[in-house]
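Colleague: return a 3D structure for these sequence lines:
(2 chains)
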Amino acid sequence: MTKERFLEQLKNALIAARVQAVNDYLADYTELINDKIDAGQSEEAAVAGLGSVNEIVDQIRSDGTEVYPTEVVKAKTNPVLTALIVLLLVLGSPVWVPITLAVIIIIFVAYGLIWIVPAVSGFVGTMFLGVGSITIVLAIVSLFKATLGFGLLQFGISLALLGGGIILAGITWVLAKVFGRTTARLTKWLVVLFSNGRRGMQHA
Amino acid sequence: MDPQLKKGFIEYCVLAILKTGDSYGYQIIHQVQDIIEISESTLYPMLKRLEKRNAIESYSQEFNGRLRKYYRITGTGEAEIQQFLDSWPLIETIYHFIEGGSMND
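Modeller: Now for the predicted structure:
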């Protein structure tokens, strides 16, 4: 390994190990390598004789006093700022409470509007199927009890109702899938909107 | 040899070497190696430790167009050597006690 490569590795390892006086150590080992080269060693032999970078860092770290203590990350809270925010929230409640309620209502209305079309088609389709099922039974009865013409007419209407019901059920299924995806997108958008807002407040 | 014991002996050896005259890293390693084995990675953390407790001090001097760091012993360092020499009778007593104990086994 070349002197430059070794010193670069040593520098990175010392920084990573939070060793103090990195430049001091780099100067010391540069001097030692130069002295060894001056004494007739090849650059590679001079570097190899020092041992591995990890060995050197371990030696330095074993003393403990040469290492910066591990930084303890603690959330900084300013009591004055917290009190001010609480005061503003209380004083501003006549403004922000109705606005928040309005936003919540708008969100619910938006969800409602999204689902109103499949809800209506689902409801009408169910009604068609329900009424069609009853009238087809009645049509069979009419075929025997009433006139043939009335019975066939009722049978035809029943089949039309059942057919309409099946078509509406299919439309409801397709609409439910489309609006389900739309709801998911809207929810995702709202989550992103609120989480970004919260992060923004934390950074402030 | 026990690493901690060895570390302590090497420190006294370094102080003893510097008592005979100022020296620099490469030379100190060679002088110590005549007495006790020392790895090149051990020296500088040790010199820093000795410097921190004021047993030695350093200064830079130009050599071959570059700066070389020299070390010299301080009064504290000389007192540490004396302390070690003064404690020798106690070390001998401990040695003989341990030696006697292991011979009785």
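Colleague: where's B:Lys6 relative to A:Gly170, distance?
Modeller: 87 Å (C-beta to C-beta, to the nearest Å). For every residue, glycine as well, the C-beta is placed using N, CA and C.
Colleague: next, A:Ile136: secondary structure please.
Modeller: helix (DSSP: H, G, I helix; E, B strand; the rest coil).
Colleague: for it, what are its contacts?
Modeller: The neighbourhood of A:Ile136, defined by C-beta atoms under 8 Å, 6 or more residues apart in numbering or on different chains, consists of A:155, A:158-159, A:162.
Colleague: which SSE is the closest residue to chain A within chain B in?
Modeller: In chain B, no residue comes nearer to chain A than B:Tyr26, which is 3.6 Å away by C-beta to the nearest C-beta. Take DSSP states H and E as the rule and B:Tyr26 turns out to sit in helix B:25-33.
Colleague: now A:Val86
Modeller: Going by DSSP H and E, A:Val86 is in helix A:79-91.
Colleague: what segments of chain A are helices?
Modeller: Per DSSP state H, chain A carries helices over the ranges A:3-16, A:22-38, A:43-48, A:53-63, A:79-91, A:93-145, A:148-203.
Colleague: okay, now the closest residue to chain B within chain A: neighbour count?
Modeller: Of all residues in chain A, A:Asp35 sits closest to chain B, at 3.6 Å by C-beta to the nearest C-beta. Applying other C-beta atoms under 10 Å in any protein chain shown, we find 21 residues neighbouring A:Asp35.
Colleague: and for B:Phe63?
Modeller: Other residues close to B:Phe63 by other C-beta under 10 Å number 14.
Colleague: before we move on, what about B:Gly8?
Modeller: Quick note: B:Gly8 (other C-beta under 10 Å) scores 12 neighbours.
Colleague: look up phi and psi at it.
Modeller: The phi and psi torsions at B:Gly8 (degrees, to the nearest 10) take the values phi -60, psi -40.
Colleague: now swap in B:Ser23 and tell me
Modeller: phi -150, psi 170.
Colleague: I'd say it and B:Ile73 touch.
Modeller: No. Using C-beta atoms under 8 Å, B:Ser23 is not in contact with B:Ile73, being 9.8 Å away.
Colleague: among these two, which residue is more densely surrounded?
Modeller: For B:Ser23 versus B:Ile73, neighbours defined as other C-beta under 10 Å are more numerous around B:Ile73 (23 against 19).
Colleague: which residues sit in contact with the more buried one?
Modeller: B:15, B:18-19, B:55-56.
Colleague: put the buried members of those residues into a ChimeraX selection.
Modeller: A single ChimeraX command is used to select the members of those judged buried by 16 or more other C-beta atoms under 10 Å in any protein chain shown:
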select /B:15,18,55,56
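Colleague: compare the contacts of A:Ile136 and tell me which is most surrounded.
Modeller: When neighbours are counted by other C-beta under 10 Å, A:Ser158 leads the contacts of A:Ile136 with 20 neighbours.
Colleague: who's in contact with that residue?
Modeller: Going by C-beta under 8 Å, 6+ apart, the list of residues near A:Ser158 reads A:132, A:135-136, A:138-139.
Colleague: repeat that with 6 Å
Modeller: A:132, A:135-136, A:139 (C-beta atoms under 6 Å, 6 or more residues apart in numbering or on different chains).
Colleague: how about the residues of chain A near chain B?
Modeller: Chain A comes close to chain B at residues A:28, A:31-32, A:35, A:49-51, A:55-56, A:59-60, A:63, as judged by C-beta under 6 Å from any C-beta of the partner chain.
Colleague: pick out the most distant pair among the residues you listed.
Modeller: A:Asp35 and A:Asp63 (23.5 Å; C-beta to C-beta).
Colleague: ok so, going back, could I get the helices of chain A as JSON lines with mean pLDDT?
Modeller: What follows is the helices of chain A, written out as JSON lines (pLDDT from 0 to 100):
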{"stretch": "helix A:3-16", "mean pLDDT": "91"}
{"stretch": "helix A:22-38", "mean pLDDT": "91"}
{"stretch": "helix A:43-48", "mean pLDDT": "91"}
{"stretch": "helix A:53-63", "mean pLDDT": "84"}
{"stretch": "helix A:79-91", "mean pLDDT": "88"}
{"stretch": "helix A:93-145", "mean pLDDT": "86"}
{"stretch": "helix A:148-203", "mean pLDDT": "80"}
